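Engineer: I'd like to go over a predicted model; first the sequence, then the structure.
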Amino acid sequence: MSKRKQQNIELERQVKKRNMVFRVVSLAVVVAILAASAFGFWTVQDSRWVMRYDGGRVATSDFRAIMDIQFGEFRDNPMAREAAIGSLQHIVALHDRAAQHNVGFTAEERAIAEEWADSQIRSQFAFWTEHGPQDPIRYIENSRLAELFATEPIAERLMDIYVPAHSVAVDEDELATMVEEYLEAELENYLELELQMLMVFDREQIDEAYALIGTMDFDDIIRQFMPEFADEEEIPPVPGVLAGAWFEGQPEDREYILGLAAGEYSRILELNEDGMELFFIFYAESRAEPDADAAAEGFRERHINEQRFTTFEALVADWAEEANFTINRRGYNAV
C-alpha cells in the first residue's frame, strides 16, 4: 500500500511538472505574440512620421505629397528625395514661425488654397486611374495639402516683419542704370493698345471685308466673316502687344500695328504661319501711351522685393536648421 501511495505521489508530481511546463510555454508564446504585435504596431506607427524636430513631428504623408506633386517622376532619385525633404523642412519652419506671429492663413486664403488642393488631388487620382493602380486621393487631407503648397501669403507677411522694404540697401546709381536698360527693352510692353481683329484664310474674303470698312460697324464685319463670333454680344479686344508678337518675324508690320492710333484701321496684313496664309485687318479701339515713370517705379519695386526675398529665403533656411530636424529612416523609406 505504501508503494502504491508512493507511485501515486510520483505520478501526481509528474503531472504537476507537465502542467507547469505547459503554462510556462504558453505564457512564453503569449508574450512572444504580444511582443510581435507591439513591435508591428510600433513599426506601423513609427513609419507614419518622416521627421522629428524640437516642435513636434512631420507626417510621412507630407513627404509623399511633396514627392508626388513636385518630384513624382524622380521618386527614386536620391537628389530629388533630399530636395523634397529640404523643401518640407522649410515649409514646416515657415508655418511654425507664422504661428508665433499669428500670421497664418485667413479664412479666405484657406478656402482658395483648399479649392486648389482639391483640384490637385482629383487630377492625381485621374492620372493614376489611367496609368496605374495607385490611388493618391486618400492619403492626405485637402487642408494639409493647402498648407504645404499655398505658402505665398504667409511668406509675404513674414517677410514684411523680418525684411521690410526700408531695410534693403539700394545702390541708386546702379539701379538707375538698370532702370534705363529695362525701359529701353521693355517700355513698349506697357503700351495699352486694344485692337479689334478680323482674321480669315482667304484673300478674296479679306478684300471683300476691307471694302465694307466705313459702311458698317467693324464688329458686324467680324461677325460676318468669322462665324465663331456670330452669336457673341461683344467681341473681346486683342492686346496690341500680343498682336505685335504674332508679327515678330515681320518687324515692319509689327511696328505698323503698334503704331496704330485710336480709331484707325490697319491695311490688310498677311502672315504665313507654317505654310498657311492668314490675312488680318485691325481696328484700334483705344490707345494709351506707356507711362515711363510707372514702369520705372514698378521695376524698382520688383528689384527691391527680389533682394528682400533672397534675404528672407536665407532666414527660412536658418529657421529650418535651428529646428533640429531628425530624419526617421523608417518613414523616409516608406515613400
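Structural biologist: That came through fine. Since we're looking at a predicted model, the values are computed, not measured.
Engineer: tell me where the stretch 201-335 of the chain has helices.
Structural biologist: In the stretch 201-335 of the chain, helices defined by DSSP state H, counting those that start in this stretch lie at 203-211, 218-225, 240-246, 251-258, 292-322, 329-333, listed in chain order.
Engineer: of all these, which lies closest to Val50?
Structural biologist: helix 329-333 (3.9 Å; Cβ to Cβ). (Each C-beta comes from the backbone N, C-alpha and C, glycine too.)
Engineer: what is the closest one packed up against?
Structural biologist: Judged by 3 or more Cβ pairs under 8 Å, 6 or more residues apart in numbering; DSSP states H and E, the packing partners of helix 329-333 are helix 2-46, strand 49-53, helix 60-70.
Engineer: one more time with 10 Å
Structural biologist: helix 2-46, strand 49-53, strand 56-59, helix 60-70, helix 78-101 (3 or more Cβ pairs under 10 Å, 6 or more residues apart in numbering; DSSP states H and E).
Engineer: can you get me a residue count around Gly249?
Structural biologist: Gly249 is flanked by 10 other residues according to other Cβ atoms under 10 Å.
Engineer: actually Met199, sorry about that
Structural biologist: Residues within reach of Met199, counting by other Cβ under 10 Å, total 17.
Engineer: let's verify it: helix, strand, or coil?
Structural biologist: strand (DSSP: H, G, I helix; E, B strand; the rest coil).
Engineer: so where's the stretch 101-250 of the chain uncertain?
Structural biologist: Low-confidence segments of the stretch 101-250 of the chain, defined by pLDDT under 70: 124-138, 232.
Engineer: what about the strands in it?
Structural biologist: Using DSSP state E, counting those that start in this stretch, the strands of the stretch 101-250 of the chain run over 192-200, 238-239.
Engineer: in JSON lines, list these along with distance to Glu264.
Structural biologist: What follows is those, written out as JSON lines (distance: least, Cβ to Cβ, whole Å):
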{"stretch": "strand 192-200", "distance to Glu264": "10"}
{"stretch": "strand 238-239", "distance to Glu264": "15"}
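Engineer: and these, which is most packed in?
Structural biologist: Ranked by mean neighbour count, the strands of the stretch 101-250 of the chain are led by strand 192-200 with a mean of 20 (mean count of other Cβ atoms under 10 Å).
Engineer: partners of that strand in the sheet?
Structural biologist: According to DSSP bridges, strand 192-200 forms sheet pairs with strand 238-239 (antiparallel), strand 276-288 (antiparallel).
Engineer: point out the most buried one among these.
Structural biologist: A comparison of the strands paired with strand 192-200 by mean neighbour count, using mean count of other Cβ under 10 Å, puts strand 276-288 on top with a mean of 17.
Engineer: any idea of the mean pLDDT in that strand?
Structural biologist: For strand 276-288, the mean per-residue pLDDT is 95.
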